[in-house]
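**Q** attaching a predicted model along with its sequence, questions to come.
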Amino acid sequence: MAEAHEILHPLIQHKLTSMRSTATGTGAFRALLSEVSMLLAYEVTRDLPTTVTRINTPLTAMDAPSLDETRIVLVSILRAGNGLLDGMLRILPEASVGHVGLYRDPKTLKAIEYYFKMPRDMPHRDAVVLDPMLATGNSGIAAVRKVKETAPRSVRFVCLLAAPEGIAAMNEAHPDVRIFTAKIDDHLNEKGYIVPGLGDAGDRMFGTV
């Protein structure tokens with residue numbers, strides 16, 4: 001299996017269990033996705049560079065580390081990526097946002113692009129590409145390819161669930177891109193859905209099941 005960073009924190013796994021359940025409705029699913037994305041943000045940003053800033057505490061002056069959030073670009077793969085984007089922006093409110101519009105052809109499972117918008121000055125920024133599911137990998141690979149055309153300083157991929165097939169495909173296409181996921185599931189079924197999975201994240205988030 002290709003490498004991916006599986007974040008097995010008990011809080012994340014507890015919330016993920018609720019998201020998998022068919023008893024969880026749209027509102028709860030949306031809230032849980034936002035909460036999990038906030039927790040994922042902690043690991044995704046762990047090794048981003050900081051700079052030392054001179055500040056004054058109530059007691060003295062000191063040199064303290066600061067993260068330049070404006071150098072982070074959160075890239076949502078529409079439409080389901082917006083669920084992860086919401087929570088990430090709560091943690092990184094000054095981050096810029098990019099969007100990649102893709103849909104999966106139901107017959108070929110290939111990614112079809114319909115929209116792309118990114119901030120300027122990408123060579124000085126770190127891109128974090130967001131999509132709840134890394135299934136076949138086709139959409140994620142296509143989105144990362146478009147993001148790379150803007151020449152960002154680094155690219156990371158964040159998903160809620162990943163299939164071994166999708167991880168392997170992403171690793172082959174973009175071996176320099178680190179994958180962060182809450183759970184690596186068992187396999188893909190004949191329709192390209194992750195098993196055991198949680199269904200279509202976009203449909204469950206927007207109530208279009």
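**A** Done, it's in. Residues are numbered from 1 along each chain as shown.
**Q** strands of the protein, start to end?
**A** Secondary structure of the chain, counting by DSSP state E: strands at 5-6, 51-56, 61-66, 72-78, 96-104, 111-117, 126-130, 133-134, 154-162, 178-184, 187-188, 194-195.
**Q** out of these, which one sits most buried?
**A** The highest mean neighbour count among the strands of the chain, using mean count of other Cβ atoms under 10 Å, belongs to strand 133-134: a mean of 28. In this view, the C-beta of every residue, glycine as well, is placed from N, C-alpha and C.
**Q** so for that one, mean pLDDT?
**A** Averaged over strand 133-134, pLDDT sits at 95.
**Q** residues contacting it, please?
**A** Residues from elsewhere that reach strand 133-134 (Cβ atoms under 8 Å, 6 or more residues apart in numbering): 80, 140, 157, 159-163, 166-167, 170, 179, 181, 194, 197, 201.
**Q** need the strands of the chain in a markdown table (columns: distance to residue 145).
**A** As requested, the strands of the chain are exported to a markdown table (distance: least, Cβ to Cβ, whole Å):
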| stretch | distance to residue 145 |
| --- | --- |
| strand 5-6 | 21 |
| strand 51-56 | 31 |
| strand 61-66 | 32 |
| strand 72-78 | 12 |
| strand 96-104 | 10 |
| strand 111-117 | 10 |
| strand 126-130 | 10 |
| strand 133-134 | 15 |
| strand 154-162 | 10 |
| strand 178-184 | 15 |
| strand 187-188 | 21 |
| strand 194-195 | 22 |
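**Q** of all the ones you listed, which lies closest to residue 31?
**A** strand 154-162 (13.9 Å; Cβ to Cβ).
**Q** what's in contact with the closest one?
**A** By Cβ under 8 Å, 6+ apart, strand 154-162 touches 4, 16, 19, 33, 36-37, 40, 44, 84, 126-134, 140, 144, 147-148, 170, 174, 176-185, 194, 197-198, 201.
**Q** and the helix of greatest length in the chain, what does it pack onto?
**A** Counting by DSSP state H, the longest helix found in the chain is helix 26-44. Secondary-structure packing of helix 26-44 (3 or more Cβ pairs under 8 Å, 6 or more residues apart in numbering; DSSP states H and E): helix 10-20, helix 81-91, strand 154-162, strand 178-184, helix 201-206.
**Q** would you single out the least confident of those?
**A** Looking at these, the bottom one is helix 201-206 with a mean of 90.
**Q** remind me what it packs against, helices and strands.
**A** Checking 3+ Cβ pairs under 8 Å, 6+ apart, helix 201-206 ends up next to helix 26-44, helix 81-91.
**Q** OK, contacts around residue 196?
**A** 20, 185, 186.
**Q** residues in contact with residue 64?
**A** Per Cβ under 8 Å, 6+ apart, neighbours of residue 64: 52, 53, 55.
**Q** who is the nearest residue to the second one once chain neighbours are set aside paired with across the strands?
**A** Leaving aside its chain neighbours, residue 53 sits nearest to residue 66 (4.5 Å; criterion: Cβ to Cβ, 6 or more residues apart in numbering). Residues found in beta-bridge contact with residue 66 (criterion: DSSP bridges) are residue 51.
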